[in-house]
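A.B. asks: here is the input, now give the coordinates:
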Amino acid sequence: MYCYCCSNRLFSDCCEPIIKNTSALDPEQLMRSRFSAYAVKNYAYVLATYAPEQRRSLTLSTLRESTDNTRWLKLDVLGSAERDAVGIVEFIATYALDTDYFRIHELSSFIKQDAHWYYTTGVMQNKSGKFTPNRNDECPCGSAVKYKKCCRK
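C.D. replies: Numbers count the residues shown, from 1 in each chain. Okay, the predicted model is just below:
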């Protein structure tokens, strides 16, 4: 099975080993593994990859409640950079909630502490929110097939 993070690699060779306690090598790899963890509902990993300061105000149940009915469809990484122990990743995550489609366009910040990368904060960008695909658009599910021939109901 291909990885949820849309890397065109197998899940077992991409995000799965990172989710199973292998440290991410850089902020982009952490972002991709967090997206995949949301897709497979591994909220313990998501919680563990928040920076310690942010983690204090979160629980597994709040993460689960906020996204458990979400179907994570596609991740587009638009860019990433790191310098010293700080990194950023710009991405668009596409998801479905019931029959509605949404995008999160975010500029995420990461820090490296004790040889591990952690997510700190994200700033929403202009392409975030609900959207309705047109019948000739690429399907939001990431299949590269037109919406009218894929997920359109």
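A.B. asks: could you pull out the strands for this protein?
C.D. replies: 70-83, 86-97, 100-113, 116-124, 129-131 (DSSP state E).
A.B. asks: ok, the second one: who's next to it in the sheet?
C.D. replies: Strand 86-97 has its sheet partners listed here by DSSP bridges as strand 70-83 (antiparallel), strand 100-113 (antiparallel).
A.B. asks: any chance of those in JSON lines, plus mean neighbour count and distance to Glu16?
C.D. replies: Every residue, glycine included, has its C-beta placed from N, CA and C. Listed next are these as JSON lines, based on neighbours: other C-beta atoms under 10 Å; distance: least, C-beta to C-beta, whole Å:
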{"stretch": "strand 70-83", "mean neighbour count": "16", "distance to Glu16": "15"}
{"stretch": "strand 100-113", "mean neighbour count": "18", "distance to Glu16": "20"}
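A.B. asks: Arg55: which of the strands of the chain is closest?
C.D. replies: strand 116-124 (8.4 Å; C-beta to C-beta).
A.B. asks: and the closest one, what other elements does it pack with?
C.D. replies: Packed against strand 116-124 by the contact rule (3 or more C-beta pairs under 8 Å, 6 or more residues apart in numbering; DSSP states H and E) you find helix 27-39, helix 52-55, strand 100-113.
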